[in-house]
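In: Any chance you could fold what I've pasted below:
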Amino acid sequence: MLRFFKSSLPAQVLVLLALVLALRLPLLWWGLPTTAAELRLLLLGEGVAAGAWPYRDLYDGTAPLAAAAAGLLELAWSRPLLLYRATALSLLVVQALRFNTVLNQADVHPERGFLAALTYLVVGSVSTDLDTLSPLLIGHTFIVFALSTLLPTSREGYDNRRLFRAGFLVGLAALCYLPLALFVVLGLFAVLIFAANSFRSSLLLVCGFLSPYALIATVFLYVGALPNFSWMHLERGLIPAVAATDGLPPAVAWPLLGGVGLLLVLALLRAAGTALGLVFQTKFRQLMLVWLLVALAVLAVGRGLAPGSLLLLLPPLAYFSLYLWQRVPGQLGWAPELLFVAVLGLTVGLRYRDWVPGLPTLLRLPPESAFAPQPNPAYRRLAAGRPVLVLGPSRRIYLDHPAARPYLDWPLAQADFGHLTEYEAVVRVARSLGPQPPAYLLDQADFLPRLRYLLPDVFGRYEPVPGVPQAYQYVR
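Out: Have a look, this model is predicted:
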């Protein structure tokens, strides 16, 4: 199999696409539950598509470009979960093929072919976490495309437009998932080893990175959302507890990362024992080592639990695995083929472990679907399509009902509901909900008695819904 993908003919691309579809489509066809990350994007998409502005009309810390992408997909049809997953698969394939193309065009390895893309897509199929659309997945696409804008500086001298474009792409990535801003360090290192005028080139890169933020900040300034943008995105975006929101639990995420990390270590050891003839190839290897360090730093910010975290290890693994899949001289020439078959088999086993009785226990790895939000049949008694305000952390009811604005995220909502002893917080709640009170209220934290006392005109008309615990309906 490896020998087949060492060729760079178009037929290899078709076989590669057929392989990744065979790995991923059966599980997508059988059905995956809506994950917490997808549910958050669905709620944001509903609001943005209806004309609401993030940070002003929607209190949620999701980065602005990710929210805009969710709103754009929502315009196709209501709650486009299938479109989310098709987009996630498309982005992963685009990243793999783009990264592989850069490696081939830059001659960073003595052999050309599609082995890097093969590794990228096979290992990227080990977890259903990468089947779902996430801000990190969207932002990481910009990071992969930024790589090609940095490499030509080694042969053509630095190009102002390319360096600015590289910084601009990293800025766009950060506007999807803020910890990806750390990849500016990768760009600065590339400038250091490739560009002739490092200081001037670094300034161009940094200016390019800041440009998207300047544009976004100007827009939010005019719509009156700049203070909330600064607080919800910039101040909170690098907090580990916030960056890891809606991801897999440690019992699942860390073993998967550890398995991919072990394969990466094997590839690094093999690469360390392989000499390179060209200076550019050596510099590129150094660049990929820095990429790995930056990826580990982004993982650390999210504690390895952010949705799509496994994606960060795929580019370094795809590059260094080129050395791992090289033919071993002597009688062990079959070893790379056997190792890849083992990786492929383990990927299939881990991905479909939920469908094989006893396999999750044998692997000591719970199925990922068990941690998705589960719908509550009692909530279906509420009228469909009517907005619900949830006073509490659980968002299960949003699987069947839209969210009332602006309080989509409970930790952010606590800035108001957690300070009801302050007059300013009470006024903000009244201004946000008073004109159009939500049809239903789910009081998980027992806030309603106090709210009825403080704002009787808004909350005094809520009455209990029979048969639905903690649910109240607004009666005109």
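In: And what about the spatially most central residue of the chain, helix, strand or coil?
Out: What sits nearest the mean C-alpha location of the chain, by Cα atoms, centre = their mean, is residue 136, with 2.4 Å. Going by DSSP: H, G, I helix; E, B strand; the rest coil, the secondary structure assigned to residue 136 is helix.
In: Confirm for me that it is in contact with residue 178.
Out: No: using Cβ atoms under 8 Å as the test, residue 136 is too far from residue 178 to be in contact (10.2 Å). Glycine gets a C-beta too; all of them are placed from N, C-alpha and C.
In: low-scoring pLDDT stretches of the stretch 101-250 of the chain, where are they?
Out: For the stretch 101-250 of the chain, residues meeting the criterion pLDDT under 70 lie at 152-160, 196-197.
In: Kindly recompute the last result at 80.
Out: For the stretch 101-250 of the chain, the stretches flagged by pLDDT under 80 are 110-111, 152-161, 195-198.
In: Look up how far residue 145 lies from the residue nearest to the centre of the chain.
Out: To residue 145, residue 136 is 15 Å away according to Cβ to Cβ, to the nearest Å.
In: The residue nearest to the centre of the chain and residue 99: what is the separation?
Out: From residue 136 to residue 99 the distance is 16 Å (Cβ to Cβ).
In: How about residue 349?
Out: 26 Å.
In: Between these two, which is the more surrounded one?
Out: residue 99 (22 against 15; other Cβ atoms under 10 Å).
In: element containing that one?
Out: Following DSSP states H and E, the helix or strand that holds residue 99 is helix 81-106.
In: repeat for residue 473
Out: Per DSSP H and E: strand 471-474 holds residue 473.
In: Quick check: can you name the pairing partners of that strand and their directions?
Out: strand 440-443 (antiparallel), strand 462-464 (antiparallel) (DSSP bridges).
In: Need the winner for burial among those.
Out: Burial of those is given as mean neighbour count (mean count of other Cβ atoms under 10 Å); strand 440-443 ranks first at a mean of 24.
In: Only C-alpha atoms, please: export the following helix or strand past that strand in PDB.
Out: Toward the C-terminus, strand 440-443 is succeeded by helix 448-454 as the next helix or strand (DSSP H and E). Provided in PDB are the C-alpha atoms of helix 448-454 (Å, rounded to 0.1, in the frame of the first residue of the first chain):
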ATOM      1  CA  LEU A 448     -37.000  32.400  39.300                       C
ATOM      2  CA  PRO A 449     -38.200  33.400  42.800                       C
ATOM      3  CA  ARG A 450     -35.600  36.100  43.100                       C
ATOM      4  CA  LEU A 451     -36.200  37.300  39.500                       C
ATOM      5  CA  ARG A 452     -40.000  37.500  40.100                       C
ATOM      6  CA  TYR A 453     -39.300  39.800  43.000                       C
ATOM      7  CA  LEU A 454     -36.800  42.000  41.200                       C
END
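In: Use 678 as the first number for this chain going forward.
Out: Sure, I'll start numbering at 678, so the last one becomes helix 1125-1131.
In: Check which helices and strands the very next helix or strand once past helix 1125-1131 is in contact with.
Out: Remark: after helix 1125-1131, the chain's next helix or strand is helix 1133-1136, criterion DSSP H and E. Helix 1133-1136 is packed against helix 1100-1110, helix 1125-1131, with contacts defined by 3 or more Cβ pairs under 8 Å, 6 or more residues apart in numbering; DSSP states H and E.
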